[in-house]
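J.: Give me the fold of what follows.
(one chain, ligands or ions: 1)
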Amino acid sequence: MIYYHESARDIPIVEEADVVVCGAGPAGVAAAIAAARSGAKTRLLELQGCLGGMWTAGLISWVIESKHPGIMQEINAELDRRGARLGRGRDYAYDPEVMKLLLEELCVKAGVHIQMHTRVVAAGQDGAGRITHAITESASGRQAWAGRVFIDATGNGDLAALAGCGFDVGREGTGETQPMGLICLVAGVDMEAARPFLCLPDEGHQEAKRLMLAELQRAGVSPSYAAPSLFPLGGDLYVFSTNHEYGVSGMDAADLTRATIHARAELHQIVNGLRSLGGIWRHMRLVATGAHIGIREGRRIHGLYQVSREDLLRGVRHEDAVCRVTVGIDVHSTDPKTTKAYSAENRTRTLPYDIPLRALIARDVPGLLMAGRCISGDFLAHASYRMTGTSATLGQAAGVLAAVAARQETLPANVPWSEVRPALQAIIESA
Ligand SMILES: Cc1cc2nc3c(=O)[nH]c(=O)nc-3n(C[C@H](O)[C@H](O)[C@H](O)COP(=O)(O)OP(=O)(O)OC[C@H]3O[C@@H](n4cnc5c(N)ncnc54)[C@H](O)[C@@H]3O)c2cc1C
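T.: Numbering: from 1, shown residues only. Below is the predicted model:
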């Protein structure tokens, strides 16, 4: 590797916030809303041109673990009010365009200061290592955002890694990660006719996925994800998850590019294949692919507590619990030579377990919290708590803690649980 030496330069400090949230996926949006509602001047920085992360830019259109109290309930109710939710159970489908608008409205109403199209590229720290600034690149050039407390909700844990936090990636020992997946919207299929192939809310999906795989094979297509899932979104619109990209890193732009190009080509091939069968598929068309390929796994940042497989097996309870997770282990195959569907670990019997606030507090860098899939946990625990309903709930807790710490002019790690709990309760009750 040869290097280009970049000279040091002064960059503008745009503002001083109480709480700076980096990344606006389910975790970041909930963190920002919770912090702002708790009275903190809150800045939300997001790379994409919409809020919601995998909910919107990633098009997943399917919330898992929606029953958590608080902001998640508010989102559920608002989607209902707008006629944009299908299903009322733990997991449901929603209209991703309505979700984009809803999240913007909730953030604006809460008083969150939003900047999209902006990537966090560096962390400013004081002499003691405390994080003081998020440095960004955008159409406005390089900028600095000062804050009292920072929340890394980038999914991959970008801010924490830039600040020097320790982290783990993938399986212990090998570093193998779950595959990425590009999601797409498809249309032009009659819902009644397609019923046997559909993953419907409140129903088992195994048989529908099996039939869909057989249908693809009948069309001469062998999908990289052997549990293809077609979820109805209302009318003749569907979300289709049928792609896996194995052995690629979400922290490597060349890998991301290769995976995206491969995935998009596969999705077109699959839809063209189904259409060529005629019958119920004859008018099927691919409406849109996600703005960003879905990354199941990035960095798991070291926190004051690490959520572990043993926690799931024992159904662990914590005094400082911020979320009780009911979903079991969901590992998409890390080895396509063995299976292109799910790993055998998914058969592990688990119990509902708590995630403590300590798993959201960075161990190595003062002033930094994590929310969403980059919190502190091991490979198998992450495969359970990575779902969007849980991510949003973790975000809410991080937002409340950040606001309390900022108000008390102390570090998040120094705020007693007894002072976070009532503040968290107030947010939940106001939702
Ligand atoms: C293919 C796939 C399918 C899935 N299916 C489901 C499902 O059906 N239901 C479900 O509940 N969960 C599903 N999941 C899991 C779920 O989507 C994620 O684990 C969840 O979205 C994590 O939320 P998050 O807020 O931590 O991260 P993300 O949703 O990944 O959001 C992170 C946000 O940070 C932004 N960001 C990243 N880096 C930077 C940076 N440096 N600067 C600024 N912004 C940045 C991103 O643009 C994004 O908006 C799926 C995941 C994948 C990959």
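
J.: show me what contacts the residue of the stretch 201-350 of the chain found nearest the ligand?
T.: Nearest residue of the stretch 201-350 of the chain to the ligand (Cβ to the nearest ligand atom) works out as Gly294 at 2.7 Å. Where C-beta positions appear, they are placed from N, C-alpha and C, glycine not excepted. Gly294 makes contacts with Met54, Gly58, Ile60, Met180, Gly181, Leu182, Ile183, as judged by Cβ atoms under 8 Å, 6 or more residues apart in numbering.

J.: for Asn76, same thing?
T.: Counted by Cβ under 8 Å, 6+ apart, Asn76 has contacts Ser66, Arg85, Tyr92.

J.: again, but for Gly141
T.: Gly141 neighbours (Cβ under 8 Å, 6+ apart): Ile11.

J.: go again using 6 Å as the cut-off
T.: With contact set as Cβ atoms under 6 Å, 6 or more residues apart in numbering, Gly141 has no partners.

J.: and it, what are its phi and psi?
T.: Main-chain torsions, Gly141, degrees, to the nearest 10: phi 90, psi -150.

J.: Please list the residues outside the helix or strand hosting Glu429 that contact it.
T.: Using DSSP states H and E, Glu429 sits in helix 417-430. Applying Cβ under 6 Å, 6+ apart, the contact partners of helix 417-430 are Ala34, Arg37, Ser38, Pro69, Gly70, Asp320, Val400, Leu401, Val404.

J.: Tell me, how many residues neighbour the third one?
T.: Translated: Ser38. Number of residues near Ser38 (other Cβ atoms under 10 Å) recorded here: 23.

J.: And it, how far from the ligand?
T.: As judged by Cβ to the nearest ligand atom, to the nearest Å, Ser38 and the ligand stand 19 Å apart.

J.: Look at that residue and report its pLDDT.
T.: pLDDT for Ser38: 96.

J.: do the fifth one as well
T.: As summarised for this prediction, Gly70 has a pLDDT of 95.

J.: Could you find the closest non-adjacent residue to it?
T.: Nearest residue to Gly70, sequence neighbours excluded (Cβ to Cβ, 6 or more residues apart in numbering): Ile428, at 4.3 Å.

J.: separation between the one you found and Val322?
T.: Distance of Ile428 to Val322, computed by Cβ to Cβ, to the nearest Å: 11 Å.

J.: Just the ones of the contacts of helix 417-430 in helices?
T.: Ala34, Arg37, Val400, Leu401, Val404 (DSSP state H).

J.: Could you export these as JSON lines, including distance to Met251 and neighbour count?
T.: Putting the ones in helices among the contacts of helix 417-430 into JSON lines (distance: Cβ to Cβ, whole Å; neighbours: other Cβ atoms under 10 Å) gives the following:
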{"residue": "Ala34", "distance to Met251": "27", "neighbour count": "34"}
{"residue": "Arg37", "distance to Met251": "32", "neighbour count": "24"}
{"residue": "Val400", "distance to Met251": "29", "neighbour count": "29"}
{"residue": "Leu401", "distance to Met251": "26", "neighbour count": "31"}
{"residue": "Val404", "distance to Met251": "32", "neighbour count": "23"}
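
J.: closest to the ligand among the residues you listed?
T.: Ala34 (13.5 Å).

J.: and the closest residue to the closest one other than its chain neighbours, how many residues sit next to it?
T.: Excluding its sequence neighbours, the residue lying closest to Ala34 (Cβ to Cβ, 6+ apart) is Gly399, at 3.0 Å. The local packing of Gly399 (other Cβ under 10 Å) involves 37 other residues.

J.: Next up, the contacts around Gly399.
T.: Ala31, Ala34, Ala35.

J.: from the chain's centre, how far out does the helix holding Glu429 sit?
T.: How far helix 417-430 lies from its chain's middle: 24 Å, per Cα atoms, centre = their mean, to the nearest Å.

J.: try stretch 228-240
T.: 20 Å.

J.: right, is that stretch up against the ligand?
T.: No - counting by Cβ under 6 Å from any ligand atom, the ligand is not contacted by stretch 228-240; separation bottoms out at 8.1 Å.

J.: list the buried ones in that stretch?
T.: Residues of stretch 228-240 classed as buried: Pro228, Ser229, Leu230, Phe231, Pro232, Leu233, Leu237, Tyr238, Val239, Phe240 (neighbour count, 16 or more other Cβ atoms under 10 Å).
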